[in-house]
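Q: quick one, structure for this:
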Amino acid sequence: MIELQGIYPALVTPLRNGTVDLAALTRLVERQIAAGVQGLVVCATTGEGATLTPDERRMVIDTAVRRCGDGSVVIVGTGAIPTWGVLEAAHVAADLGARAMLVAAPPYVRPTQDGLCAHFAAIADQSVLPIVLYNVPSRTACDIQPATVAWLASHERIVGIKEASGSIHRAQQVVAAAAGNLAVLAGDDPLTVSLLVSGGHGVISTGANVVPAKWTELWRCWRAGDVLGAAAIQAGLLGLHDALFIESNPGPVKAALHQLGLIEPEIRLPLVWPARPSLYRIAAELENLGLTVAQVVP
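A: Next up, the predicted model:
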């Protein structure tokens, strides 16, 4: 089992000429580790996990695990719908050294809450890895209700939940439902400090791709009891957050990393590269943070 606390960037998957750019991925992982994050999430929404081939997923997981070493937790996302598909992905990830699986509510099929309980319990019963639930109803059209979280929290192999409903009230309900039995991680960057104050344990962050050092400084402030300092850092990142979600994730965050000279300007269909007005908005927010923009439009 693992204890989840802190900053976990949801890492992008850099592409070059249509395939995974392992050299750029290595640099991104090392940049995050140097900043002091507690772990990484790969092959999830921000990592375009749904568009990666099985071989590409293996390459991404293997690279992240090897570069992280023993000091950081690698959590692997799965967008699989069938229960058996999640279990298959978990076995592959475990063989490559991952420490946990991030498992979203099944998209498209819209199971009932009883179906969600049965699905997640079956995965937890048979998985070789601990499970982090992922509630993101805006993407899955399926909402893991607090009562369902309370029921699942008693399972020893379910260790956390990424709560991305966008509501601090819901997040607080989830903290109460978890009753200390699993870690509650923010899935919406701007709600991180509010969730921590409410009893949460950290964040799985998109913005940490861009400014990991600011996020680890926020965590250090929180751990030191400087709540106002942590809140001030988060407030300073609100403009960047808005820019990173001006279009469908991960287009804007990949654009930001390209503008910083860290990755090539590639994304997989059905997503496309952000439009020119979005690119200028992203560049402006980077410059507001004192970052050097190498190139705005590819």
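
Q: for Gly202, give its distance to Ala90.
A: Relative to Ala90, Gly202 is positioned 22 Å away (C-beta to C-beta, to the nearest Å). From N, CA and C alone the C-beta is placed, and that goes for glycine too.

Q: same check on Val297?
A: 40 Å.

Q: residue contacts, Gln38?
A: Gln38 makes contact with Leu4, Gln5, Gly6, Ile7, Tyr8, Ser72, Val73, Gly202, Trp219, according to C-beta atoms under 8 Å, 6 or more residues apart in numbering.

Q: most widely separated two among these?
A: Val73 and Trp219 (14.2 Å; C-beta to C-beta).

Q: before we move on, back to that, who wins on neighbours among the contacts of Gln38?
A: Highest neighbour count within the contacts of Gln38: Tyr8, with 29 neighbours (other C-beta atoms under 10 Å).

Q: quickly find the element holding it.
A: Assessed by DSSP states H and E, Tyr8 sits inside strand 6-9.

Q: low-confidence ranges, the stretch 101-250 of the chain, go.
A: Within the stretch 101-250 of the chain, no range satisfies pLDDT under 70.

Q: quick revisit: looking at Val297 and Ala90, which one has more neighbours?
A: The residue with more neighbours, out of Val297 and Ala90, is Ala90; 24 against 13, by other C-beta under 10 Å.

Q: quick one: contacts for His119?
A: Per C-beta under 8 Å, 6+ apart, neighbours of His119: Thr83, Pro106, Pro111.

Q: can you pull the contacts of the second one?
A: Under the criterion of C-beta under 8 Å, 6+ apart, the neighbours of Pro106 are Ile81, Pro82, His119, Thr140, Cys142.

Q: next one: the last one
A: Shown here is Pro111, whose contacts under the criterion C-beta under 8 Å, 6+ apart are Ala105, His119, Cys142.

Q: how does it look with 7 Å?
A: Contacts for Pro111 (C-beta atoms under 7 Å, 6 or more residues apart in numbering) come out as His119, Cys142.

Q: can you check Val74 too?
A: Residues in contact with Val74 (C-beta under 7 Å, 6+ apart) are Gly39, Leu40, Val42, Ala64, Val65, Cys68, Ala98, Arg99.

Q: can I assume the third one is in contact with Asp62?
A: In this case it means Val42. No. When contacts are counted by C-beta atoms under 7 Å, Val42 is not listed as touching Asp62 (10.1 Å).

Q: and those two? which has more neighbours close in?
A: More neighbours surround Val42 than the other of Val42 and Asp62, with 29 against 17 (other C-beta under 10 Å).

Q: run a quick neighbour tally on the residue lying closest to Gly85 once chain neighbours are set aside.
A: Excluding the flanking residues, the one nearest Gly85 by C-beta to C-beta, 6 or more residues apart in numbering is Thr78, at 7.5 Å. When neighbours are defined as other C-beta under 10 Å, Thr78 has 24 of them.
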